[in-house]
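Undergrad: Provided below are the primary sequence and the corresponding predicted coordinates.
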Amino acid sequence: MIKNISVVIAIGGIGSRLKKITGDIPKPLFPVEGIPTLTRTLIELKSYGFKKIIVTTCFKKEIFKEYLKKFTIDFDEFFIYEENEPLGECGALWEILPKLESQTLFINGDLIFSINFEKLVNFHKRINSDITLVTHPSSHPEDSDMISCPNGSFVENLFHKSRNSNEDKIQPLLGNAGISILEKSIINEFRPNKDQLKPSLFGFLVDIALKNKKRIYSYNTSEYIKDMGTPNRLRQVEKDISNNILRKKNYSNFQKALFIDRDNTLIKCDPKSYILSSRNIQFLDENINKLAKISDSFSIIAIVTNQPQISMNKLSLEQLEDINNKIIIYCRSKSLLIDTVIWCPHHPHKGFESENELLKTDCFCRKPNPGMLLELSYQRNIDLNSSLFVGDSFVDMQAANSAGCDFKNIIDL
């Protein structure tokens, strides 16, 4: 049971993009496969033991007030904040600040989702985060709020959806999913001034917190989170609900993973050389197509790769992120829907010019050791015995065997 965390659900928007389908029904109350989005959200929150719910409304707020009456008995505290005029996605946070606990789960009201909130909350507390953004690979990065986290979780750069994506310094992969955990101290410290009308969470609070060097982390998940705010997305959500995909992908259930080696499995890499720039990527399309054909049998797809050139100071984390993002985006365009990448930066041998001695170690994560597979298993509740590692080397096979996975060489796939 999750204690001492308030939940804010923002449902103040008009929902104009779905107006032809929803008519006069507010988007969060429109039935999707028979159940309104807002009802699904409240059922999910109740199942994880959240006790304090605050709903912020503006558009057709009287309809929401009447509808929400039946849910008040499901929680210890249930409060509806009515905006007299639209305050923006997160503008009501400063109006309800006295009611917030030390941590607040913030949820956009037009999401259909099923995620393991206990894992999310534990991540936020364990890493001592000020703001934790739930993220996932975006299918439309050019018009989405995106983040960059070169070390895998610490957010270093933001890409606002209002930007010109042609000017992006790297090709971002992870999009803001619309769910986050906020420390009350951060909300209190950064208040919008009179010129900042209708602030969005990402565009104002996350942005100003990052500029002030606060601890912002990405919680990258392959669990189901979709904005049903356009007709195409609504149809996809309806299909996914009918196929029971939401609950299957929740980390409360064991996941079946397809682990994939990177170099000479997805891209070409000459012997005793390294990929040091995204300009050097040569995709192995035949391999990617073979992997795409079997990928539907798995709920999580992850790249698992040794990258010792980091320890040699031949490659920065930012350069590695750019390379990996472009590989994943390309593979996703070929129907190989990779969710994440995990990499080992270590190397056991010392004595090289300009090396990073702190990373020169005989670690547990470097293949053929199973550390990266075990880490992913812990993070995403993966059943290793039902999972498959596809690679091109004896090292990959040893890592798979040590972790308890099946292994196939890409040549034999």
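TA: Ah, there it is.
Undergrad: low-confidence ranges, the chain, go.
TA: 1, 12-20, 22-23 (pLDDT under 70).
Undergrad: need the longest helix for it.
TA: Longest helix in the chain by number of residues (criterion: DSSP state H): helix 317-333.
Undergrad: export it as PDB, just CAs?
TA: C-alpha atoms of helix 317-333 as PDB (Å, rounded to 0.1, in the frame of the first residue of the first chain):
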ATOM      1  CA  LEU A 317      27.700   9.500 -22.700                       C
ATOM      2  CA  GLU A 318      26.000  12.100 -24.900                       C
ATOM      3  CA  GLN A 319      27.500  10.600 -28.000                       C
ATOM      4  CA  LEU A 320      26.400   7.100 -26.900                       C
ATOM      5  CA  GLU A 321      22.900   8.300 -26.300                       C
ATOM      6  CA  ASP A 322      22.700   9.800 -29.800                       C
ATOM      7  CA  ILE A 323      24.000   6.500 -31.300                       C
ATOM      8  CA  ASN A 324      21.600   4.400 -29.400                       C
ATOM      9  CA  ASN A 325      18.600   6.600 -30.000                       C
ATOM     10  CA  LYS A 326      19.100   6.600 -33.700                       C
ATOM     11  CA  ILE A 327      19.400   2.800 -33.700                       C
ATOM     12  CA  ILE A 328      16.200   2.400 -31.700                       C
ATOM     13  CA  ILE A 329      14.300   4.900 -33.800                       C
ATOM     14  CA  TYR A 330      15.400   3.100 -37.000                       C
ATOM     15  CA  CYS A 331      14.500  -0.300 -35.600                       C
ATOM     16  CA  ARG A 332      11.100   0.900 -34.500                       C
ATOM     17  CA  SER A 333      10.500   2.200 -38.000                       C
END
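Undergrad: how far off centre is it?
TA: 16 Å (C-alpha atoms, centre = their mean, to the nearest Å).
Undergrad: I would like the residues contacting it, please.
TA: 137, 139, 141, 148-151, 170-173, 262, 266-267, 275-278, 281, 283, 288, 291-292, 303, 307, 310, 337-338, 341, 343 (C-beta atoms under 8 Å, 6 or more residues apart in numbering). For every residue, glycine as well, the C-beta is placed using N, CA and C.
Undergrad: from the residues you listed, keep the buried residues only.
TA: By neighbour count, with 16 or more other C-beta atoms under 10 Å, the contacts of helix 317-333 hold 137, 141, 148-150, 170-173, 262, 266-267, 275, 278, 288, 291-292, 303, 307, 310, 337-338, 341, 343 as buried.
Undergrad: which ones among these map onto strands?
TA: Pro137, Ser148, Ile303, Val341, Trp343 (DSSP state E).
Undergrad: widest-spaced pair of these?
TA: Ser148 and Ile303 (17.4 Å; C-beta to C-beta).
Undergrad: got the domain boundaries for this protein?
TA: Annotated domains of the chain cover 5-246, 254-412 [automatic domain parsing].
Undergrad: okay, Phe202 and Glu156: tell me how far apart.
TA: 15 Å (C-beta to C-beta, to the nearest Å).
Undergrad: who has more neighbours out of those two?
TA: Phe202 (23 against 15; other C-beta atoms under 10 Å).
Undergrad: with adjacent residues omitted, what lies nearest to that one?
TA: Among residues not flanking Phe202 along the chain, Asp145 sits closest, at 4.3 Å (C-beta to C-beta, 6 or more residues apart in numbering).
Undergrad: tell me where the stretch 1-150 of the chain has helices.
TA: With DSSP state H, counting those that start in this stretch as the criterion, the stretch 1-150 of the chain has helices at 19-22, 37-47, 61-68, 117-126.
Undergrad: packing partners of the last one?
TA: In this case it means helix 117-126. strand 103-108, strand 131-137, strand 174-183, strand 216-220 (3 or more C-beta pairs under 8 Å, 6 or more residues apart in numbering; DSSP states H and E).
Undergrad: could you list the paired strands of the longest one along with their orientation?
TA: Think strand 174-183. strand 103-108 (antiparallel), strand 131-137 (antiparallel), strand 146-148 (antiparallel) (DSSP bridges).
Undergrad: closest to Glu183 out of those?
TA: Going by C-beta to C-beta, the one of those nearest Glu183 is strand 103-108, 6.1 Å.
Undergrad: can you show me the CA trace of the closest one as CSV?
TA: Extracted in CSV, the C-alpha atoms of strand 103-108 (Å, rounded to 0.1, in the frame of the first residue of the first chain):
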residue,chain,number,x,y,z
GLN,A,103,5.0,14.0,-2.6
THR,A,104,2.4,14.3,-5.3
LEU,A,105,1.5,12.0,-8.1
PHE,A,106,0.4,14.1,-11.0
ILE,A,107,-1.7,12.5,-13.8
ASN,A,108,-3.1,14.0,-17.0
